[in-house]
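Enquirer: here is a sequence with its predicted model. Questions after.
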Amino acid sequence: MTRKILIETKDLKKDFKDLQVLKGISQTISQGEVVCIIGPSGGGKSTFLRCLNMLEVPSSGEVWFEGEKLDPEHTDIDRHRQKIGMVFQQFNVFPHLTVMENITLAPILEKKMSKEEAEAKAMELLERVGLQDKVNEYPRKLSGGQKQRLAIVRAMAMDPDVMLFDEPTSALDPEMVKGVLEVIRKLADSGMTCVIVTHEMGFAREVADRILFIDEGIVVEEGTPEEIFDHPINPRTKEFLSQVL
Amino acid sequence: MGPSIIDVFVQYWPIFLKGTLGTLHFAFIAVSLGSVLGTLVAFVRLSKNRFFSTLAGVYADVLRGTPLLVQMYIAYFFIPIVIPALNRVDKEIFVLISLILNSSAYVSEIIRGGINSVDIGQSEAARSLGLSASHTMTKVILPQAIKNILPALANEYIAMIKETSMAGSFMLYELMYTRTILANKYLSWQPLLIIAAIYLMLTLVLTSLVKKMEERFAVSD
């Protein structure tokens, strides 16, 4: 079965001053696929993810999304980003807005959705993650796990075709991790295309269709969870896994 | 010695009142129009266009790096020479303009600082949702920056209350100008002490108001 290609990167490179963080990554991500990216800190995982919606502008190479080349200088980038949800390590919920306003801001402003429609949809999403009774709170009243669930719902409210997760549980207290992973798992199970940078190896193994091991700016090894976790071939992959598992 | 401070104040209080109101008035005009201009300068400075951004930086540096008094002299004496058509205009206006420009430079730094104080993750989150650059600024960044900006603007107003004293040298009817008026009545030291006391009262009262405002904002964090 060939599935529609959603995202394609072509020889993606990124330099920060003298440091080459990405050294040429060419990948395709298909519709419905759940890709987990693992690897040591500073290896380029997050930078690669952030290039997919042009939060990080590549030094060279291309990113194609749904058949169109992304150009960060073109106003079309906003239209594309509406289809590419992103969840951050630090949540980045809007502290000056209520839970409801956090969710409805972008749909009302950019999709010209009516307030009623946006709020009805937000309510439905909030119920799915168990935050319906927080709807009128400000984020300062939420725990880390609740903030992250809010951030996920906020991204989902735009009806994205793909969700990018940048270490979504790394800033959470241990007891909050499970709830957030559960929400992501449900999303993945529902058929949402997901690209997840994570240090949660058990989670990656369960949820991923494909694992990318990124280190020193390249995809060192990729494969199914079984291939990567049970039968890694590359010595660097083996070494990394021996340290984290 | 001459008459006592109290005698002078009782006799001439309407002059001091008019001077105080003039000071508050000119400081208000300078800071409010300076804020409009300063906001513009701040956005140009933050823009991606290297040339205009540098230009705005130079503007702020020059106006903050030279004394206001020098700027006033230049405005008062030099501009009418360069642009003779302005000779017919009331010269006080040039002094007021120099106050406004000076204030705009400080305000531009306040606004730039306020915007930069908002975590970069906020704008990244907004842009990742597909919010346009302008919506990101007006709906996400500025509402958060404002609580850093407002107290700083109020402090700029307080500073400007003291700065306007220089405008008295150019016949602008503000608090310091009352000294010139009363000097004509052979009063030298009494008006100065009264003027100093009024400045001190103004700044102390306003500073305590700003503190209250800051505390209010801190609660909402």
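Expert: Right, received. Where do you want to start?

Enquirer: A:A122: neighbour count?
Expert: When neighbours are defined as other C-beta atoms under 10 Å in any protein chain shown, A:A122 has 24 of them. Backbone N, C-alpha and C define where each C-beta goes, glycine included.

Enquirer: skip the chain neighbours and tell me the closest residue to it.
Expert: For A:A122, ignoring the flanking residues on the chain, the nearest one in space by C-beta to C-beta, 6 or more residues apart in numbering or on different chains is A:I103 at 4.0 Å.

Enquirer: contacts made by the helix or strand harbouring that neighbour with the rest, please.
Expert: Assigned by DSSP states H and E, A:I103 belongs to helix A:99-110. If you take C-beta atoms under 8 Å, 6 or more residues apart in numbering or on different chains as the criterion, helix A:99-110 is touched by A:78, A:82, A:93-94, A:97, A:113-115, A:118-119, A:121-122, A:125-126, A:131, A:134-139, A:142, A:150, A:153-154, A:157-158, B:126, B:129-132, B:135, B:139-140.

Enquirer: now stretch A:56-73
Expert: Under the criterion C-beta under 8 Å, 6+ apart, residues A:6-15, A:22, A:24-25, A:47, A:50-54, A:76-77, A:80, A:83-84, A:161 lie in contact with stretch A:56-73.

Enquirer: endpoint to endpoint, it covers what distance?
Expert: 12 Å (C-alpha to C-alpha, to the nearest Å).

Enquirer: how far away from the center of its chain is it?
Expert: The chain centre lies 17 Å from the centre of stretch A:56-73; the measure is C-alpha atoms, centre = their mean, to the nearest Å.

Enquirer: in that stretch, which residues are buried?
Expert: For stretch A:56-73, the neighbour count (16 or more other C-beta atoms under 10 Å in any protein chain shown) marks A:56, A:58, A:61, A:63, A:65-66, A:70, A:72 as buried.

Enquirer: give me every residue that touches B:S165.
Expert: B:S165 makes contacts with B:23, B:174-176, B:199, as judged by C-beta under 8 Å, 6+ apart.

Enquirer: what's the answer for A:D209, then?
Expert: The contact partners of A:D209, taken as C-beta under 8 Å, 6+ apart, are A:33-35, A:224.

Enquirer: how about a cut-off of 10 Å?
Expert: For A:D209, the contact set (C-beta atoms under 10 Å, 6 or more residues apart in numbering or on different chains) comprises A:29-30, A:32-36, A:188, A:193-194, A:224-225.

Enquirer: just A:E206 next, same as before
Expert: Going by C-beta under 10 Å, 6+ apart, A:E206 touches A:36, A:181, A:185, A:188, A:200, A:225.

Enquirer: one more time with 8 Å
Expert: If a contact means C-beta under 8 Å, 6+ apart, then A:E206 has A:185, A:225 as its contacts.

Enquirer: with the one 5 residues further on instead?
Expert: A:I211 makes contacts with A:35-38, A:204-205, A:222-225, A:227-229, as judged by C-beta under 8 Å, 6+ apart.

Enquirer: using a markdown table, lay out those together with pLDDT, secondary structure and distance to B:I195.
Expert: Output for the contacts of A:I211, formatted as a markdown table (pLDDT from 0 to 100; DSSP: H, G, I helix; E, B strand; the rest coil; distance: C-beta to C-beta, whole Å):
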| residue | pLDDT | secondary structure | distance to B:I195 |
| --- | --- | --- | --- |
| A:V35 | 98 | strand | 73 |
| A:C36 | 98 | strand | 72 |
| A:I37 | 98 | strand | 69 |
| A:I38 | 97 | strand | 71 |
| A:A204 | 97 | helix | 73 |
| A:R205 | 96 | helix | 78 |
| A:E222 | 97 | strand | 78 |
| A:G223 | 97 | strand | 82 |
| A:T224 | 97 | coil | 83 |
| A:P225 | 97 | helix | 79 |
| A:E227 | 96 | helix | 84 |
| A:I228 | 97 | helix | 79 |
| A:F229 | 96 | helix | 80 |
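
Enquirer: this completes my enquiry, with thanks.
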